[in-house]
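Undergrad: Next input, structure requested:
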Amino acid sequence: MSQQKIRFIINPFSGLSRKKNVPALIEKYIDKNKFAYDIAFTEAAGHAIELTKSAVAENYDIVVAVGGDGSVNEVASALIGTKVKLGILPGGSGNGFAMHLGLGRNIRKAIQILNTAKPIIIDTCQLNGRPFVNLGGTGFDALVAYKAKQSTLRGLWAYTKFAILEAWSYPIEKYQIIIDNQRITAECLVIEVANAQMFGYNFVIAPQAKFDDGLLDILLVKKAPKWRYLFSLWRFFNASFHKSSLVTSYTGKDIKIIGKKPMPVHIDGEGYYLEADLHFRVLPLSLEVLVPNSAGIH
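TA: Residues are numbered from 1 along each chain as shown. Got it, this is the predicted structure:
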């Protein structure tokens, strides 16, 4: 059997400094009978996209993102609509998408999983033309993601710090939400658009989301006294957030969100601001992803 060409793209800046030994771990644990590999390191935001495009042009079989959800987003965005498969080694702090795929947090084990992994085909999404694979949205969590991105803090501590700092002063906004031509007016703390189920750190926000059904799950977290949000946090840990009386859920293929501008937004954990209305859409079965051979996931 001929070897498959595989490129590992390592983001040395993501996570909490766990990348130093990754090349040695790859060399030790990758199945060299099955794979011929090389390693590339990113130097700035967006560099992983260019490294992935070059791998596609050079007929690689697999490109592996070594980093967090942001790194996965960059590599995946250049693989959508191609026959090149996405692999993931969880090297970020939260690793939400890797956790959902059953890859865990241990890079050594994830390399060993890669040796026997199977491909599945999943949906991907766009926000105003920008691709993502996991979660997107606007509101309070998007603001926290934006603040965390600007901070020198990393990991869960950064999200916790800014969630606490912003919680009591964050203004609840009114939005027009159009889901496949159904118009909804609502005052929301958060509007989440989910292709998959969880943020990083095992925070499950959309347990009903399936990334191979051609649909997006939309969760509206409606206006309420802010102490009620605090007392609903436990639901993230037992996959019941969608059952909260604070949450209304929908599914759809095309979602537009009209609100006060500029709006904080996030996709795959990266926060920024947009001056335009938000347009989410699903791209059904548009990306091949490697998952554990025993995985039965959606």
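
Undergrad: from here on, contacts and neighbour counts on C-alpha atoms
TA: Noted.

Undergrad: And the next helix or strand past the helix or strand containing Glu187?
TA: For Glu187, the enclosing helix or strand under DSSP states H and E is strand 182-194. Going down the chain from strand 182-194, the next helix or strand is strand 216-222, by DSSP H and E.

Undergrad: Show me what that following strand packs onto, helices and strands only.
TA: strand 182-194, strand 247-252 (3 or more Cα pairs under 8 Å, 6 or more residues apart in numbering; DSSP states H and E).

Undergrad: what's the spacing between the first one and its chain's center?
TA: If I follow you right, that is strand 182-194. Mean-position distance between strand 182-194 and its chain equals 19 Å (Cα atoms, centre = their mean, to the nearest Å).

Undergrad: same deal with the shortest one?
TA: The chain centroid and the centroid of strand 247-252 are separated by 19 Å under Cα atoms, centre = their mean.

Undergrad: got the contact list for that strand?
TA: With Cα atoms under 8 Å, 6 or more residues apart in numbering as the test, strand 247-252 has contacts from 179-180, 215-222, 241-242.

Undergrad: how about 7 Å then?
TA: For strand 247-252, contacts defined as Cα atoms under 7 Å, 6 or more residues apart in numbering pick out 179-180, 215-222, 242.

Undergrad: The helix or strand just after that strand to strand 182-194, inter-axis angle?
TA: As assigned by DSSP H and E, the chain's next helix or strand after strand 247-252 is strand 254-258. Relative orientation of strand 254-258 and strand 182-194, computed by axes from the mean of the first three to the mean of the last three Cα atoms, to 10 degrees: 100 degrees.

Undergrad: Pull out the buried positions in strand 254-258.
TA: Under the neighbour-count criterion of 16 or more other Cα atoms under 10 Å, strand 254-258 has 254-258 buried.

Undergrad: For Ala55, state which of those is nearest.
TA: For those, the closest approach to Ala55 (Cα to Cα) belongs to Asp254, at 31.3 Å.

Undergrad: Return the residues in contact with the closest one.
TA: Asp254 neighbours (Cα under 7 Å, 6+ apart): 179-180, 280-282.

Undergrad: how does it look with 6 Å?
TA: For Asp254, the contact set (Cα atoms under 6 Å, 6 or more residues apart in numbering) comprises 179-180, 280-281.

Undergrad: Closest one to Arg228 out of these, please.
TA: Proximity of these to Arg228 (Cα to Cα) peaks at Ile179, which lies at 26.7 Å.

Undergrad: What's the per-residue pLDDT of the residue nearest to the closest one when sequence neighbours are not counted here?
TA: Among residues not flanking Ile179 along the chain, Ile255 sits closest, at 4.6 Å (Cα to Cα, 6 or more residues apart in numbering). We have a pLDDT of 98 for Ile255.

Undergrad: Tell me what Ile255 is bridged to.
TA: Ile179, Phe280 (DSSP bridges).

Undergrad: before we move on, the earlier item: report the two of the contacts of strand 247-252 separated the most.
TA: For the contacts of strand 247-252, and using Cα to Cα, no pair is farther apart than Leu215 and Lys222, which are 21.9 Å apart.

Undergrad: These two - which one has more neighbours?
TA: Neighbour count, other Cα atoms under 10 Å: between Leu215 and Lys222, Leu215 has more, with 23 against 19.

Undergrad: Export the contacts of Asp254 as JSON lines, with columns for pLDDT.
TA: As requested, the contacts of Asp254 are arranged in JSON lines below (pLDDT from 0 to 100):
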{"residue": "Ile179", "pLDDT": "98"}
{"residue": "Asp180", "pLDDT": "97"}
{"residue": "Phe280", "pLDDT": "98"}
{"residue": "Arg281", "pLDDT": "98"}
